[in-house]
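[1] sequence-free structure coming up:
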């Protein structure tokens, strides 16, 4: 009587067992890399915009500041895509017959919006707020990358929750002095380029309570330090609400920080700033409602 | 592995476990070592006659259990203390009473799976082709109501004639030559 | 042939010679050694009793004497109640292990009269132990609150539970609980003797008659016993902390009783197995089975205690958590850890081993150790209830706490003397039972 | 066999001469007859018409699951009756109910194996199958209840792009581990138990396709003694592992409730009382299945009145524990001196949904715990069949009472609400009965319902030594 | 085996259904208004609505006050309606650097980067006309635009505009300082001397001149951006009063909120109407 299975079946049966194990592992590895791939995250993809607006040209080439166009970045959840009028501020006189700018002129003439393609599109259940990040020491480049080097804007980071949390679990690695928020080329302090910071004694909801300088305040003298404080002391709120009793002289006298601390690494500076800015640590991020409302 | 040819062994068929145990003891006494008995249900005395006692299955189970316990405990500790620390109801991050349950389940899972797969691996299963299935009476009875003793050809004592004589002394139902 | 046999190695000595059936020993009465042991136990009781008297003269000694007495008493109660429960379970479920254990269990239950007498000191002195007894009515509780003897929570909860927790109802409840236990114990013991003297002994009709009679009594009585026992331990142990509550308390005591009784039963049988008739009747199979059962009780005990702890720890509500905090903080951390190690970890690890469960010389030590662990657990349950010990355990200035060493030993030894006395009164094997014949069968090699 | 004991005076051959109880296997069976009986059910070419009809009916009912789940996926859990504060409705009730039913299978196969209760051998296989199918039905509910079942894998710890991991301080995360381990180990145990029987089926099948399929499933099992030793060792180990597992699973489920600081849930007796309740309902379900099957397939010789009696006794014991649990809950609501506890219990008994409590007391305690004391009713298959339904209804109401009546009157009277299941709740629940029956009917047709190899060990012919001679004659007579 | 097959098919389709349903992104893309996302609900496709005509927002009633107009009694006033302190100056400097430097340059001489690329030359703050202009003039220009300069009312809040105006005044002072303004004892060096010390060309400290690349006009060669001035005419010197409002000024008045105006906003992926 012939056997049900022939000799090769043993090897086949065992191989298939081992193989299914491998397939399961390979599937896991594949899915794991797939969920983080640009195919899912659109990281690095440059969509075709109606107007090929070059941040590189306008920021690096012309020296426009971020806020010139993104006016609401400091005071609202959204940085703000500028209205056509902002383009026309210059392009009413410059490159007025360039073919590239035809959609802009069209929009200006008709009042219809230009339909930009959104590059940094978070899911609608995420409530990301630009205001708090910008005011608590996160630079534009930390999330958006070197926009000043992007001819066409693309997503530098995955924008996945993992990426959010990687920073929120250790904010220190990305925090910078308030004056450097819009500095695209900012790099954390190092041995060669230390940073000195001090508390201004002013408490408040934003990062303005810390003054930082990149030159040694002791060497430059008290006056320079004082000026540096002033330079960083950017107004965020309606000046009407300021303390009216404060006069120029009194501010200058009181705002000179008593003692600067020198930082030679990003982690040190970040930890210091976390404390000064009252930034929550990983353990305190208990509420999902911080980001999902 | 190239297919082996020739005689695999001599297969004696018995009606009762007693006869099988008797024959096994006889063959063992005669110096045969490469042999195996086949029964439709576990017969402890048959294993005894083969002088086969210890299995390594409990060891595999223990190792699997330890691996599971370690995996489960480390997973929980890593996740709740380092990987994903959350301050919930002011419970400590290292909340060992709560960690007991999943670590325990992991222990059971790992040891259970390793027991089953360890048993199969130690038994060399799956082995859907086996020379014994070439013997027609084997397939008919080994998993139902017959008891078999197979003296294998690779035993140094094995001799087609002498071994058959030995087996026939035990009054088997039949003695069959099994081909590879 | 048993299907569920196990496999092992070295001690497989199967041979046809072992298959030969054995015969029932001619003499079934208890050996002389039992009375020797009884005398020793009585000696220990007297010696430790005398030592304990010292504590009458140290600060806080009297209080601790009483608390330690309660601890010893509850240990004895666990033996008697657990023996009754196990006996009834065995009657209902059958099983050879219980057949050999039956007479020791019966002997334990027959000490119920001693147990009743031993309760009298507690009932008389209860106002020194229980807040609800010290302040028996609502007015006195209010007074106690105003004068700082009770917290407001204690006052309010104790008042609302006054129906159950008051001196008179404690008397009534103990009368009901111990009375019903005594009744059931009397019946079971009387029938057990009558069963052996049945003229039809050895016939199917006799087997059936007695099996059904025992089953009919035991079945409902197990249920009733569990309810009564729950009530008893709530009144006499749990209410030491008048505010705390936990619904699994009764079951925990039940499991602790099984734990203690099996340990004592196995110990008795192994010691008796040096002499006839147990020598030829007590097979390794039954010892192994009882070891497994003991292991099951160890696991059940871990299970119930840990589940209770986890639930209360997770809930973290002020009604419940102080009970644990009082037993974990301060010096209690040591006792708590030792309790876990002695009461759970060590027995669990040891009893995992098949070879130890089958070894007489080793099981003696395991069982003795487990009985000591039970005492430690009882100490951990009782002493932290009292404000002077809650949250911290200290010996300096509190020498009276050593009463917890001497008094329970005296009380338990006292009880053991009576137990051994009862054990000596009857034949050690119940013959008119089909399982007796099975005990004589040759052992399987597993 | 040679007994020195008394000679039985009763002629009933189904009674064990030793104990006077019903025998575990009716006398007269041989290795071959047992094999033929059990393998015949699977290998027959004539599929019974009743089986086909049953399968059609079951599959039709199971369509309820398909429809209800489809609609749920399209619309979301809003189609169910869950509201605030009654956020746990049918899904949790049915989950606990089904998984509780599953417990008897593991209990029979594991605990009774450890306790050497050989009567388990006839019923363990289909009890295990029942476990697996019940766990399938059960696991569906929490998965659907999370709202987006297609993302159910989020419950597992894996390196996801959200950087979010399970929260191990939550009993809901313990559930994931407990239930998935339970399902896995149950399947492994069940399959492993069938390997030798698949070997038998392979050797006896005539149909080449069946031969091939069972050959694959048996993995080439040939009954080698060395294999048997390892196999037995693995079986015992798995039994040893499953015993605490089965306790832990329903314990974990009880933690889902007990760990919350909620009157009516937060009570320490929940773990043992849930486990007992699970075993109670599980044995009821085994009876629901065993009684028609033994009649339909004429298996009265193998699933005897002894089995029914024993299962009824287990139900009596576990039912009593459940009753004790109810009693302690009521008592503690008074003894705790907590207004919340007391109000919850009062509301549970006499509130708007008090009827459910009394249905529960009637079906779970009053009917079974009074009648099961009767020896006659314990071996009355018809009555037990009826009772098994009563108990399972009662156990369903137990979960209903725990889930609903604790939730719908919470601490703040302004947030009181009520709970009313919708047609989709009912459709899904009833559909799972169909799913369960479908799976079980398929199992009964294509897999050996009773473990042949284990039954063989219980036959007189398997006795070695002096018994062997008897066996020889028996076998020869049979031939 | 017909029924099992049917069941298998059912189970298969069910699981397929589940798989397909897994692709639903209805939480990622919710049917609600997001700023600048666009909508199909309104004809113009804007989810952020312009202010409804003939309605008045909070505080809008005050818009004819000096703080909002820079005009007092019909004339540009010279007062600063916000407190003058270091913070105000800092704010003014920062806002000036963001919004004004592209045309007016950091020092305010009207030779910013855009002008260098062909934009109509911007005002030089250091001419006599502007040096003498009242503070309200700068505010009004920022609010309403001036000549080719569009208004910056959307970018700068009124307070910011006042701060910028104050900063412009400071710039003017800085460029016209004399040695007598220096605190006694402080040392002041001449810019030319510093340049020489640093090795710079002598002209480094001179006022900058526009490079050759700068052309007046636009690439179409038709319009130099100055209404009424023909092509090829050199633009008048900085500071010329053009006397005309910017022709295009459709920006919404800043009411302190988001830029709500004719913003053309991008639509997200997959939301193209």
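    Yep, that arrived. Fair warning: this is a prediction, and the values are worked out from it, not measured in the lab.
[2] what's in contact with stretch B:149-169?
    By C-beta atoms under 8 Å, 6 or more residues apart in numbering or on different chains, the list of residues contacting stretch B:149-169 from outside reads B:6-12, B:14, B:20, B:23-24, B:26-27, B:30-38, B:132, B:172, B:175, B:177-178. In short, each C-beta sits where N, CA and C put it, glycine included.
[3] In ChimeraX, select just the buried ones from those.
    The ChimeraX command for the buried members of the contacts of stretch B:149-169 (criterion: 16 or more other C-beta atoms under 10 Å in any protein chain shown) is given here:
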select /B:7,8,9,10,11,12,14,20,23,24,26,27,32,35,36,37,38,132,172,175,178
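[4] what's the helix or strand where residue D:271 lies packed up against?
    Using DSSP states H and E, residue D:271 falls within helix D:270-296. Counting contacts by 3 or more C-beta pairs under 8 Å, 6 or more residues apart in numbering or on different chains; DSSP states H and E, helix D:270-296 packs against helix C:284-315, helix D:90-106, helix D:120-145, helix D:225-258, helix D:305-335, helix D:381-400.
[5] give me that answer again for 6 Å
    Secondary-structure packing of helix D:270-296 (3 or more C-beta pairs under 6 Å, 6 or more residues apart in numbering or on different chains; DSSP states H and E): helix D:90-106, helix D:225-258, helix D:305-335, helix D:381-400.
[6] Could you give me the buried positions within the last one?
    This means helix D:381-400. Across helix D:381-400, burial judged by 16+ other C-beta under 10 Å covers D:381, D:383-388, D:390-400.
[7] Give me the angle between that helix and helix D:90-106.
    Put simply, helix D:381-400 runs at 140 degrees to helix D:90-106, going by axes from the mean of the first three to the mean of the last three C-alpha atoms, to 10 degrees.
[8] Next SSE downstream of helix D:381-400?
    Using DSSP H and E, the helix or strand that follows helix D:381-400 in sequence is helix D:406-407.
[9] so how far is that next one off the chain centroid?
    27 Å (C-alpha atoms, centre = their mean, to the nearest Å).
[10] ok, and what's touching the very next helix or strand once past that helix?
    For helix D:406-407, the succeeding helix or strand toward the C-terminus, using DSSP H and E, is helix D:423-446. If you take C-beta atoms under 6 Å, 6 or more residues apart in numbering or on different chains as the criterion, helix D:423-446 is touched by D:54-55, D:58-59, D:61-62, D:64-65, D:68, D:79-81, D:90, D:94, D:129, D:133, D:137.
[11] Contact partners for whatever residue of the stretch 201-350 of chain C ends up closest to chain E?
    Nearest to chain E in the stretch 201-350 of chain C, going by C-beta to the nearest C-beta, is residue C:314, at a distance of 31.1 Å. Residue C:314 makes contacts with residue D:259, as judged by C-beta under 6 Å, 6+ apart.
[12] one step back: mean pLDDT and distance to chain C for the helices and strands packed on helix D:270-296 - can I get that in CSV?
    What follows is the helices and strands packed on helix D:270-296, written out as CSV (pLDDT from 0 to 100; distance: least, C-beta to the nearest C-beta, whole Å):
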stretch, mean pLDDT, distance to chain C
helix D:90-106, 91, 15
helix D:225-258, 91, 5
helix D:305-335, 91, 4
helix D:381-400, 94, 16
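[13] any idea which of those helices is most buried?
    The highest average neighbour count among those, using mean count of other C-beta atoms under 10 Å in any protein chain shown, belongs to helix D:90-106 at a mean of 28.
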